[in-house]
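Colleague: pasted the sequence and its predicted model underneath.
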Amino acid sequence: MPKILMKGAEAIGEAAIRAGCLSYFGYPITPQSEVGEYMSRRLPEVGGVFVQAESEVAASQMIYGAAGAGVRVMTTTSSPGYSLMAEAMSYIAASELPAVVVNIVRGGPGLGGILPSQGDYFQAVKGGGHGDYRCLVLAPATVQEFVECVMKAFPLAEKYLNPVLLIGDGMLAQMMEPVDFDAVKTAPQLDVEGWATTGCKDRPRNVVECLWLDPQLCEDFNFELIEKYKRMTAEDCYFEEYLLDDEPEMVVVAYGTTSRIVRTAIEELRKDGYKLGMLRPITLFPFPFERLRALSDAPYMKAVSVVEMSQGQMLEDVRWAIRDQYPVGFFCRMGGIVPSPEEVIDFLKKEFVTRGLKGAKS
Amino acid sequence: MKTIFDRPESMTKIESHYCPGCTHGVAHRMVAEIVDEMGIRGKTVGIAPVGCSVLIYKYMDTDMQSAAHGRAPAVATGVKRVRPDLCVYTYQGDGDLASIGMGEIVHAANRGEKITVVFINNAVYGMTGGQMAPTSMPGQKTTTSPKGRDIELCGSPIRMAELLSTLKTPSYVVRASLHSPAHIVSSKKALRQAFKYQLAGTCFSFVELLSICPTNWGFTPVQSNKWLKDTMLPYYPLGVFKTPEDK
């Protein structure tokens, strides 16, 4: 199929359908309501289920029910709505169900705004709901990559029996970009016979629950989760390296929308002779700690910078990755303001001076 | 030798944790008997609540999902919509359904989800230790209304069957009681009809069962049945509040 021009939000919906997700439960919230609108139109055409829930609380519990019944299911929302889904995310993780959730992050805290932000990093990556759990978190940077991540999200959710969370922002959801749906194929759904509530005819009953009144059993389960997350880290940690193979002096860490601006900034700075590249995490959990640590340990590497649309949430993971060997440069815009390439270039130039790097003089 | 009384096939051989005199066991058994009688054990999924009956998923020998507090009707919606051939019911207490889960129950009913809701109204929070419920009676002493429920501060008890029957969407809404053998027989009849409507794909069905909680009421089971009859029945009238045939 040739590439077609498609709005991010609609591409997310179409990608899910092409991944075999024929059920969607959601609640409208800007800037991603178009996903629900698209699904309400498309799912009946393919024999699927669309329900506009009464709240994000209910929508997320509906996907818990549908995931428990063993079908591919998705919901999408934006920051304040994702807070309301925190309860269900914890239950889905604890009941070990595969479900896909998209959070189109907007400026916050509180009702905040509707424009692009990365202020939900902690909530996405460190848990978000109550208890010790993690979502596998994907952070695409283009509409095409969003499509590919949605298609990969379902098999990943099934592989780990764990919720997969995709985070983007209003830029990605509202922008139109060329999309090729055939660029990636989704693996078929794994067998659900052993755990899904499909009716216990001809088999022992299946129970989806997450209550351990015996603390030893609850702790045992938590240890199992640790093993699961280790496996994610070993097998499904994804990132992109941009211009990191010619021994640059600085690595910039950025993800999602911000990484696009950083890419432009690096292109410009390279023209002036600055030697720097970018590490772009595609999975925010598991975070590419090992790779970043190796890069920062390399003899040629002298500085690490972070650009993000938050007060410095990913920054904490970066600092931990490099064990605070040297100060990490940090630049942010917040509340719905996307940094301009010019201000990122200025920031990075200053970092070259502050850290005593060769920069353009080399 | 002919067996005339046995454990329903749809119940596991696990001893329940319920207090002496509690009516949860009676309600559980009725649901299991109906599942057996209708021959739908292989296609039934029960949704467990949070509250005393949180462990119902251990007692029912069918597929089960547990739900977060109050969310059972949303979870049931998820299951039923993607697998419409299943028989899906929720089993919820009054704190779960009429307080924290008020939004979910009203909207599931209003959407006309083809599920059955078994609502246990014993006018108190059981598992957490006897706090005031939205259905606690005026003047009823609980651990959070030590001087008795003050309706000036807490409002009057919510009549869920009446409330849901005001919705325009066709449904089957009944209130029955478990305080005497005769009432238990009528309760089972109502439950059977509720499951029938679901299996026929007719409508949302809701059965409120007035129940007793001797432990948290501080009465013996016999006194509890009398208190239900004298105090709750006048406020919570029994009967069919709505049928799918109603205009």
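Modeller: Now that the structure is in, tell me what you want to look at.
Colleague: so which residues of the stretch 151-300 of chain A form strands?
Modeller: Chain-ordered strands for the stretch 151-300 of chain A, with DSSP state E, counting those that start in this stretch as the definition, fall at A:164-169, A:176-179, A:207-208, A:239-242, A:250-253, A:276-281, A:283-285.
Colleague: the fifth one pairs with which strands?
Modeller: Looking at strand A:250-253 with DSSP bridges, its partner strands are strand A:276-281 (parallel), strand A:303-308 (parallel).
Colleague: mind checking what helix or strand follows the last one in sequence?
Modeller: If I follow you right, that is strand A:303-308. For strand A:303-308, the succeeding helix or strand toward the C-terminus, using DSSP states H and E, is helix A:313-321.
Colleague: for that next one, packing partners?
Modeller: Helices and strands touching helix A:313-321, by 3 or more C-beta pairs under 8 Å, 6 or more residues apart in numbering or on different chains; DSSP states H and E, are helix A:121-125, helix A:289-297, strand A:303-308, strand A:328-332. From N, CA and C alone the C-beta is placed, and that goes for glycine too.
Colleague: if we can go back for a sec, I'd like the strands of the stretch 151-300 of chain A written out as a markdown table, with mean pLDDT and mean neighbour count added.
Modeller: Shown next, in a markdown table, are the strands of the stretch 151-300 of chain A (pLDDT from 0 to 100; neighbours: other C-beta atoms under 10 Å in any protein chain shown):
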| stretch | mean pLDDT | mean neighbour count |
| --- | --- | --- |
| strand A:164-169 | 98 | 28 |
| strand A:176-179 | 98 | 17 |
| strand A:207-208 | 98 | 24 |
| strand A:239-242 | 98 | 16 |
| strand A:250-253 | 98 | 27 |
| strand A:276-281 | 98 | 24 |
| strand A:283-285 | 98 | 23 |
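Colleague: same list (those strands) but as a markdown table, adding distance to A:E148.
Modeller: Shown next, in a markdown table, are the strands of the stretch 151-300 of chain A (distance: least, C-beta to C-beta, whole Å):
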| stretch | distance to A:E148 |
| --- | --- |
| strand A:164-169 | 11 |
| strand A:176-179 | 10 |
| strand A:207-208 | 30 |
| strand A:239-242 | 12 |
| strand A:250-253 | 21 |
| strand A:276-281 | 14 |
| strand A:283-285 | 13 |
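Colleague: nearest to B:C213 among these would be which one?
Modeller: Using C-beta to C-beta as the criterion, the shortest distance between B:C213 and these is 26.0 Å, found for strand A:207-208.
Colleague: who's in contact with the closest one?
Modeller: For strand A:207-208, the surrounding residues in contact (C-beta atoms under 8 Å, 6 or more residues apart in numbering or on different chains) are A:68, A:95, A:97, A:195-197, B:57-58, B:63-66.
Colleague: of the residues you listed, which is the most crowded?
Modeller: A:G68 (35 neighbours; other C-beta atoms under 10 Å in any protein chain shown).
Colleague: is chain B contacted by the longest helix along chain A?
Modeller: When chain A is parsed with DSSP state H, its longest helix is helix A:215-235. No: no part of helix A:215-235 sits near chain B under the criterion C-beta under 8 Å from any C-beta of the partner chain; the closest distance found is 13.5 Å.
Colleague: packing partners for that helix?
Modeller: Based on contacts counted as 3+ C-beta pairs under 8 Å, 6+ apart, the elements that helix A:215-235 packs against are helix A:143-160.
Colleague: could you give the angle of the helix it packs on to helix A:215-235?
Modeller: With axes from the mean of the first three to the mean of the last three C-alpha atoms, to 10 degrees applied, the angle from helix A:143-160 to helix A:215-235 works out at 140 degrees.
Colleague: chain A contacts on chain B?
Modeller: Proximity of chain B to chain A (C-beta under 8 Å from any C-beta) is limited to residues B:41-45, B:47-48, B:54-55, B:57-58, B:61-68, B:71, B:74-83, B:85-86, B:103-104, B:106-107, B:111.
Colleague: just to revisit the earlier point, adding distance to A:Y238, write the contacts of strand A:207-208 out as CSV.
Modeller: Rendered in CSV, the data for the contacts of strand A:207-208 read as follows (distance: C-beta to C-beta, whole Å):
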residue, distance to A:Y238
A:G68, 28
A:S95, 26
A:L97, 23
A:W195, 27
A:A196, 28
A:T197, 32
B:Y57, 37
B:K58, 40
B:D63, 35
B:M64, 36
B:Q65, 32
B:S66, 33
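Colleague: and these, which is closest to A:A321?
Modeller: Of all the contacts of strand A:207-208, the one with the least separation from A:A321 (C-beta to C-beta) is A:L97, at 30.5 Å.
Colleague: dump the residue contacts of the residue nearest to that closest one when sequence neighbours are not counted.
Modeller: Computed as C-beta to C-beta, 6 or more residues apart in numbering or on different chains, the closest residue to A:L97 that is not its neighbour in sequence is A:A67, at 4.1 Å. Neighbouring residues of A:A67 by C-beta under 8 Å, 6+ apart: A:73, A:92, A:97-99, B:78.
Colleague: quick check: next helix or strand after the lengthiest helix in chain B?
Modeller: Scanning chain B for the longest helix, with DSSP H as the assignment, gives helix B:181-199. Using DSSP H and E, the helix or strand that follows helix B:181-199 in sequence is strand B:204-210.
Colleague: hmm, who's touching stretch A:331-346?
Modeller: Contacts of stretch A:331-346 with the rest of the structure, by C-beta under 8 Å, 6+ apart, involve A:106-108, A:112-117, A:119, A:170-171, A:257-258, A:261-262, A:264-265, A:268-269, A:305-312, A:347-348.
Colleague: give me phi/psi at A:G70?
Modeller: Taking degrees, to the nearest 10, you get phi 90, psi 30 for the backbone angles of A:G70.
Colleague: in CSV, list the C-alpha atoms belonging to stretch B:132-150.
Modeller: Taking Å, rounded to 0.1, in the frame of the first residue of the first chain, the C-alpha atoms of stretch B:132-150 are listed here in CSV:
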residue,chain,number,x,y,z
MET,B,132,-22.3,3.9,57.4
ALA,B,133,-23.5,2.9,53.9
PRO,B,134,-25.5,5.0,51.5
THR,B,135,-28.3,2.6,52.3
SER,B,136,-28.0,2.8,56.1
MET,B,137,-31.3,3.7,57.7
PRO,B,138,-32.1,7.1,59.3
GLY,B,139,-30.9,6.9,62.9
GLN,B,140,-28.9,3.7,62.3
LYS,B,141,-25.9,3.5,64.5
THR,B,142,-22.7,2.5,62.7
THR,B,143,-19.0,3.0,63.4
THR,B,144,-19.1,6.3,61.4
SER,B,145,-22.5,7.4,62.6
PRO,B,146,-22.1,6.6,66.3
LYS,B,147,-25.1,8.7,67.2
GLY,B,148,-27.2,7.3,64.4
ARG,B,149,-27.4,8.4,60.8
ASP,B,150,-28.3,12.1,60.7
